[in-house]
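Asker: one predicted model, sequence on top.
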Amino acid sequence: MTEQKKKHSLQTISAVNRHTGFSVFVFDDSSFTPPYGYGEKVYSHNPSTCPQVEMNITVNKVTQGIALYNSKNPPLDTNCTEYEPTFATIEICEVLVIENIALNMEYKGIASNSYPFVGKYAADKAVDGHLQEKSGEDTCSFTQAEVSKTAWWKFTLRRLANIAYLQIYFRKGTVNRHTGFSVFVFNESSYTPPSHNGAKVFTQNRLSCPSQEMRVDVNKLAKGIAIFNSKDPPLSTSCEGYEPSFATTEVCEVMVMGCKSHHYGEPCVSCSTKCLNRQCDVDDGSCIYGCSARFMNPPGCSICNIGYYGQNCEHMCGKCKPGTYCNNITGICPNGCQNRWNGLKCDVCKNGYYDINCTRTCGHCKPGTYCHNITGICPEGCDDHWNGSQCDSMCNSENL
């Protein structure tokens with residue numbers, strides 16, 4: 001498991017304060033128990049203050065496990081109320097993490113590459129959770145050298161994920177062969193870069209050498225990621241060790257950091273129902289893919305698009321004066337109405353006009369009265385010498 005941040009929540013203040021001075025360890029050996037053995041302490045709470053009910057703890061380590069440790073041996077010198085010096089407990093309700101999705105069995109799919117080696121340098125070695133520094137080159141994935149001017153490595157997830165960033169570890173000694181490499185995301189398992197049905201999210205600046213360890217921000221909802229290296233044509237670069245005659249991908253680990261679909265943040269929490277299909281920005285939860293309410297304005301999805309109003313922006317503004325718009329909550333036109341329209345929302349015809357667009361003039365209704373603004377019917381009857389429901393027919397002379 002790769003952990004970026006850890007969050008724990010305690011039920012009561014007294015239970016929280018029992019954890020004053022607690023520590024967090026990471027480890028790779030399943031037999032580890034804190035504080036001894038092959039683990040590493042990554043956090044110790046400051047005993048001069050009380051811990052919080054909810055805490056975010058930065059870890060940023062490649063690890064197989066995490067551990068919380070609480071000790072009163074010896075008791076701490078602290079002013080934190082309800083600190084219990086005689087015994088230690090761990091009382092937590094939830095631990096949430098942003099994780100390496102590539103190692104999550106619910107999401108882990110298939111790795112592949114161009115011109116693969118058979119055996120120990122296979123594509124899946126780049127998503128096995130082991131780094132070259134710890135385990136040697138047989139945990140890395142290589143494509144064959146001197147075969148092609150383009151090379152790629154890709155990893156297809158089992159399902160859609162909200163990918164925050166990639167942490168890429170290149171092979172020692174051949175990092176600079178990757179000068180100018182690109183990263184793509186895709187949703188079709190048949191995708192191979194750089195074809196059009198993927199999206200490029202990063203290209204390394206050819207004016208500088210790549211680093212052996214690189215973070216590449218993605219912030220995309222995707223089903224797969226791909227690394228693409230091309231020497232067609234060769235790049236103009238001063239990076240020492242750049243190889244212009246062939247392309248390879250030589251990666252020891254690709255950590256796909258992010259959240260499950262419909263989640264975001266550190267730790268991963270649910271996207272808002274305001275977001276279209278409940279998908280959101282992996283960093284801040286904003287609705288970058290659109291809003292559930294059709295006429296709301298992304299990414300905030302709290303304000304209506306111009307020309308709409310109401311709780312869910314379900315109503316269209318009336319006929320406000322040209323160049324102006326209604327209030328997005330009340331629908332009132334603050335600057336008045338277009339010609340022939342009336343009402344606070346400019347949604348009814350001005351007296352003397354009717355029809356759905358107020359384009360027709362009322363007939364000869366009885367003086368001081370007006371026709372219905374939709375039907376044109378004169379409810380109080382007609383002026384002298386006129387008849388018909390809309391008072392638009394002149395009486396014959398013999399009926400006068």
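Answerer: It's in. These figures come from a predicted structure and were not determined experimentally.
Asker: how about Y169: which residues does it bridge to?
Answerer: E213, E253 (DSSP bridges).
Asker: contacting residues around stretch 356-372?
Answerer: Residues from elsewhere that reach stretch 356-372, judged by C-beta atoms under 8 Å, 6 or more residues apart in numbering: 319, 340-341, 349-354, 373-374, 376-383, 385-386, 388, 390-392. Every residue, glycine included, has its C-beta placed from N, CA and C.
Asker: and with 6 Å instead?
Answerer: 340-341, 349, 351-352, 354, 378, 380-383, 386, 390-392 (C-beta atoms under 6 Å, 6 or more residues apart in numbering).
Asker: N312: which of those is nearest?
Answerer: The nearest member of the contacts of stretch 356-372 to N312, counting by C-beta to C-beta, is W341 at 24.7 Å.
Asker: distance of the residue lying closest to that closest one once chain neighbours are set aside from G343?
Answerer: Using C-beta to C-beta, 6 or more residues apart in numbering and skipping residues adjacent in sequence, the residue nearest W341 is K319, 4.1 Å away. Using C-beta to C-beta, to the nearest Å, we find K319 at a distance of 9 Å from G343.
Asker: who has more neighbours out of these two?
Answerer: A direct count of neighbours by other C-beta atoms under 10 Å for K319 and G343 places K319 higher, at 21 against 15.
Asker: hmm, D347 and that one touching each other?
Answerer: No - look at K319 against D347 with C-beta atoms under 6 Å: they stay out of range, at 7.3 Å.
Asker: now N187: how far from A164?
Answerer: 17 Å.
Asker: so for these two, which sits in the more crowded spot?
Answerer: Using other C-beta under 10 Å, the more surrounded residue of N187 and A164 is A164, with 24 against 16.
Asker: could you check how far that one is from V269?
Answerer: 13 Å.
Asker: same check on G368?
Answerer: G368 is 64 Å from V269, by C-beta to C-beta.
Asker: one more: Y121?
Answerer: Taking C-beta to C-beta, one finds Y121 at 39 Å from V269.
Asker: okay, those two: which has more neighbours?
Answerer: Taking other C-beta under 10 Å, Y121 and V269 do not tie; Y121 has more neighbours (20 against 13).
Asker: look up the closest residue to the more buried one, ignoring the ones flanking it.
Answerer: Using C-beta to C-beta, 6+ apart, the closest residue to Y121 is F142 (4.3 Å).
Asker: measure that neighbour to P193 for me?
Answerer: 17 Å.
Asker: those two: who's more crowded?
Answerer: Ranked by neighbour count (other C-beta under 10 Å), F142 and P193 place F142 first, with 25 against 22.
Asker: where's the most centrally placed residue in the chain relative to P299, distance?
Answerer: For the chain, the residue sitting closest to the mean C-alpha position, by C-alpha atoms, centre = their mean, is D281 at 1.9 Å. Separation of D281 from P299 (C-beta to C-beta): 7 Å.
Asker: what's the neighbour count on T156?
Answerer: Other residues near T156 number 20, with proximity taken as other C-beta under 10 Å.
Asker: who touches it in this structure?
Answerer: 109-110, 189, 224.
Asker: in CSV: those residues, plus distance to T237, neighbour count and pLDDT.
Answerer: CSV is the format used below for the contacts of T156 (distance: C-beta to C-beta, whole Å; neighbours: other C-beta atoms under 10 Å; pLDDT from 0 to 100):
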residue, distance to T237, neighbour count, pLDDT
G109, 34, 17, 94
I110, 33, 14, 96
S189, 33, 14, 93
G224, 28, 23, 97
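Asker: I'd like the residues you listed as a markdown table, with distance to I90 and secondary structure appended.
Answerer: Converted to a markdown table, the contacts of T156 look like this (distance: C-beta to C-beta, whole Å; DSSP: H, G, I helix; E, B strand; the rest coil):
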| residue | distance to I90 | secondary structure |
| --- | --- | --- |
| G109 | 35 | coil |
| I110 | 39 | strand |
| S189 | 43 | coil |
| G224 | 39 | strand |
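Asker: columns distance to G336 on top of those, output as JSON lines?
Answerer: Output for the contacts of T156, formatted as JSON lines (distance: C-beta to C-beta, whole Å):
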{"residue": "G109", "distance to G336": "60"}
{"residue": "I110", "distance to G336": "63"}
{"residue": "S189", "distance to G336": "58"}
{"residue": "G224", "distance to G336": "55"}
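Asker: quick one: which two of the residues you listed are the most distant?
Answerer: Longest span within the contacts of T156, C-beta to C-beta: I110 and G224, 9.2 Å.
Asker: count the residues that sit near Y370.
Answerer: 17.
Asker: on the three-state scheme, it is what?
Answerer: Look at Y370: counting by DSSP: H, G, I helix; E, B strand; the rest coil, its state is coil.
Asker: can you check the pLDDT for H8?
Answerer: At H8, the model reports a pLDDT of 38.
Asker: equivalent analysis for G241, please.
Answerer: So G241 comes in at 88 (pLDDT).
Asker: so how far is N373 from it?
Answerer: 79 Å.
Asker: those two - which one has more neighbours?
Answerer: Taking neighbours as other C-beta under 10 Å, G241 and N373 compare with N373 leading, 21 against 12.
Asker: what sits against that one?
Answerer: 348-349, 354.
Asker: again with A226
Answerer: 152, 154, 184, 193.
Asker: please redo it, this time with the cut-off set to 10 Å
Answerer: 112-113, 152-156, 182-186, 191-195, 198, 200, 249 (C-beta atoms under 10 Å, 6 or more residues apart in numbering).
Asker: pretty sure it belongs to a strand, no?
Answerer: Yes - assigned with three-state DSSP, A226 falls within a strand.
Asker: if we can go back for a sec, overlap in contacts, I110 and G224.
Answerer: Residues touching both I110 and G224 (C-beta under 10 Å, 6+ apart) are 154-157, 189.
Asker: closest one to N176 out of those, please.
Answerer: Distances from N176 to those, taken by C-beta to C-beta, are shortest for K154, at 22.0 Å.
Asker: that's a strand at the closest one, yeah?
Answerer: Yes - checked against three-state DSSP, K154 lies within a strand.
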